[in-house]
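Colleague: coords below, sequence missing:
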């Protein structure tokens, strides 16, 4: 079902930019204003100028930040800062990172994938999207005709794909860079890239993907943006094999040992913090409540998966409380409006049985509510609690991959902040330029110089 197409990727010329580590950035949605300024200062060719262009005082409707990004991109093509591959192919992308002190490696295949509407069941989502980020990404795509960062997606490898990628990884990478800690948010420390240009390997990969479904891991907004752009281009006369029919993905096998899903902890800022004596009787209707010293939070989160579980600080001074859904609770009766696959999620139970009825935090865009914020760092959560910045902290466990697949296959969407795939692929290794990606499409005579 999944259709891949080889493309001519556009990459930085090392002779022009020097060190690749100075020109890559994080994806747009995790770039803070401070990080944006840092990227801009790091190199005049940093990809943030394309991925998240800055507003300027003299911007007008005719010349805004999106058109400025397009002009910069074309200038870099013309000057040779960016070059296109001489032939179409795929890329193998390897990320090495540390996960709680353990070194891990994640491999992905960078390739354009034919877009499919959700209802077709070829590419499956697991979360909802917001209108604001999609409008921003659509404006950038309209102005530039380039996808600067890949969507992270998962597939169940029948075995053939991994074999080909193993062969490719024995060759010499075409790009390699190392990032010092903190220079690019949520990024791996080492990145390597290989070209896959051999026709036999391309054919084998393409054929192996044909019967597969894909699961969006990270990039739902960019995917729906690509769908909207595709539909616009169809109305403008684009054919079925136009580049706008495809979206750049970083495809990771579901059995890849480098898949890392982090939980997102909740920090509640309350005018008056609840006491365990006040709410324990109410919680006892649904949960088994266990009390521990606060310094045992980490070990409590390592508990084996079973019933929905989370750990709270703030119900009693200096104590942590682990709440586990009681085994005699019939969720089909308690939550009849919720799909069975969603009832298994810690975040759904947290929302419906604790955040809404106990703390009065309804399931809407919670980040707009000043009473709650989020972090993936348990140490940051502990610091916020001890500093009085949060009266209650709720620690969660990572969402298992099997639950994500089950929700996607059932056509359901998870509550906000249920999954966080780590690390994030960096922006700046390979661009998918619609004008030059597919031989026979776009302005070939006016194309960029080739690698």
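Modeller: Yep, it's here. Being a predicted model, the structure only gives us computed values, none of them experimental. Numbering: from 1, shown residues only.

Colleague: Can you give the domain ranges for this protein?
Modeller: Domain segmentation of the chain under automatic domain parsing yields 10-259+423-433, 263-419.

Colleague: mean pLDDT lowest for which of those domains?
Modeller: Looking at the domains of the chain, the lowest mean pLDDT belongs to domain 263-419 (a mean of 87).

Colleague: So which residues of the stretch 251-400 of the chain form helices?
Modeller: For the stretch 251-400 of the chain, the helices defined by DSSP state H, counting those that start in this stretch occupy 276-283, 297-301, 331-334, 340-343, 346-350, 378-386.

Colleague: okay, the ones you listed, which one's buried deepest?
Modeller: Per residue and on average, the most neighbours among the helices of the stretch 251-400 of the chain fall to helix 346-350, with a mean of 23 (mean count of other CB atoms under 10 Å). C-betas here are computed from N, CA, C, even on glycine.

Colleague: helices or strands up against that helix?
Modeller: Applying 3 or more CB pairs under 8 Å, 6 or more residues apart in numbering; DSSP states H and E, one finds that helix 346-350 contacts strand 309-313.

Colleague: just to revisit the earlier point, format the domains of the chain as a markdown table; extra columns: distance to residue 440.
Modeller: Formatted as a markdown table, these follow (distance: least, CB to CB, whole Å):
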| stretch | distance to residue 440 |
| --- | --- |
| domain 10-259+423-433 | 9 |
| domain 263-419 | 34 |
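
Colleague: just these: most buried one?
Modeller: Most buried of these, by mean neighbour count (mean count of other CB under 10 Å): domain 10-259+423-433, with a mean of 18.

Colleague: what's the spacing between it and its chain's center?
Modeller: Per CA atoms, centre = their mean, to the nearest Å, the displacement of domain 10-259+423-433 from the mean C-alpha position of its chain is 11 Å.

Colleague: Equivalent analysis for stretch 335-355, please.
Modeller: Relative to its chain's centre, stretch 335-355 lies at 23 Å (CA atoms, centre = their mean).

Colleague: Any idea how far apart the tips of it sit?
Modeller: In stretch 335-355, first residue to last residue: 15 Å (CA to CA, to the nearest Å).

Colleague: which residues touch it?
Modeller: Stretch 335-355 has contacts (CB atoms under 8 Å, 6 or more residues apart in numbering) with 266, 283, 286-287, 308-310, 323, 325, 331-332, 334, 361, 363, 372, 394, 396-397, 399, 403, 406-407, 410, 412, 414-415, 417-418.

Colleague: Go again with 7 Å.
Modeller: 286, 308-310, 325, 331, 361, 363, 394, 396-397, 399, 403, 406-407, 410, 412, 414-415, 417-418 (CB atoms under 7 Å, 6 or more residues apart in numbering).

Colleague: can I get the helices of the stretch 251-400 of the chain in JSON lines with distance to residue 202?
Modeller: JSON lines is the format used below for the helices of the stretch 251-400 of the chain (distance: least, CB to CB, whole Å):
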{"stretch": "helix 276-283", "distance to residue 202": "56"}
{"stretch": "helix 297-301", "distance to residue 202": "43"}
{"stretch": "helix 331-334", "distance to residue 202": "47"}
{"stretch": "helix 340-343", "distance to residue 202": "36"}
{"stretch": "helix 346-350", "distance to residue 202": "40"}
{"stretch": "helix 378-386", "distance to residue 202": "43"}
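
Colleague: Out of those helices, which is closest to residue 27?
Modeller: Among these, the nearest to residue 27 by CB to CB is helix 378-386 (20.7 Å).

Colleague: what's the angle between the closest one and strand 309-313?
Modeller: In terms of direction (axes from the mean of the first three to the mean of the last three CA atoms, to 10 degrees), helix 378-386 departs from strand 309-313 by 40 degrees.

Colleague: start the count at 41, not 1, going forward
Modeller: New numbering, starting at 41: the last item is helix 418-426.

Colleague: Which secondary structure elements does helix 418-426 sit against?
Modeller: strand 305-308, strand 432-435 (3 or more CB pairs under 7 Å, 6 or more residues apart in numbering; DSSP states H and E).

Colleague: Dump those strands to JSON lines, plus distance to residue 382.
Modeller: Formatted as JSON lines, the helices and strands packed on helix 418-426 follow (distance: least, CB to CB, whole Å):
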{"stretch": "strand 305-308", "distance to residue 382": "18"}
{"stretch": "strand 432-435", "distance to residue 382": "18"}
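
Colleague: Which of these sits closest to residue 97?
Modeller: strand 305-308 (35.7 Å).

Colleague: For the closest one, what is the distance to the chain centroid?
Modeller: On the basis of CA atoms, centre = their mean, strand 305-308 is displaced by 21 Å from the centre of the chain it belongs to.

Colleague: ok so, going back, quick one: which of the domains of the chain is nearest residue 42?
Modeller: domain 50-299+463-473 (4.6 Å).

Colleague: how about the strands in the stretch 341-490 of the chain?
Modeller: Ranges of strands within the stretch 341-490 of the chain are 349-353, 359-365, 412-415, 432-435, 461-462, 472-473, based on DSSP state E, counting those that start in this stretch.

Colleague: same question, the stretch 91-240 of the chain
Modeller: Secondary structure of the stretch 91-240 of the chain (DSSP E, counting those that start in this stretch): strands at 122-124, 130-139, 142-154, 163-164, 186-187, 191-195, 215-218, 230-236.

Colleague: Residue 293: which of these is closest?
Modeller: Taking the strands of the stretch 91-240 of the chain one by one with CB to CB, strand 191-195 is closest: 6.2 Å.

Colleague: Show me what the closest one is packed against.
Modeller: In terms of contacts (3+ CB pairs under 7 Å, 6+ apart), strand 191-195 is packed against strand 254-258, strand 286-293.

Colleague: before we move on, the earlier item: is it possible to get a markdown table of the strands of the stretch 91-240 of the chain that adds distance to residue 382?
Modeller: Converted to a markdown table, the strands of the stretch 91-240 of the chain look like this (distance: least, CB to CB, whole Å):
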| stretch | distance to residue 382 |
| --- | --- |
| strand 122-124 | 44 |
| strand 130-139 | 27 |
| strand 142-154 | 27 |
| strand 163-164 | 15 |
| strand 186-187 | 31 |
| strand 191-195 | 19 |
| strand 215-218 | 40 |
| strand 230-236 | 35 |
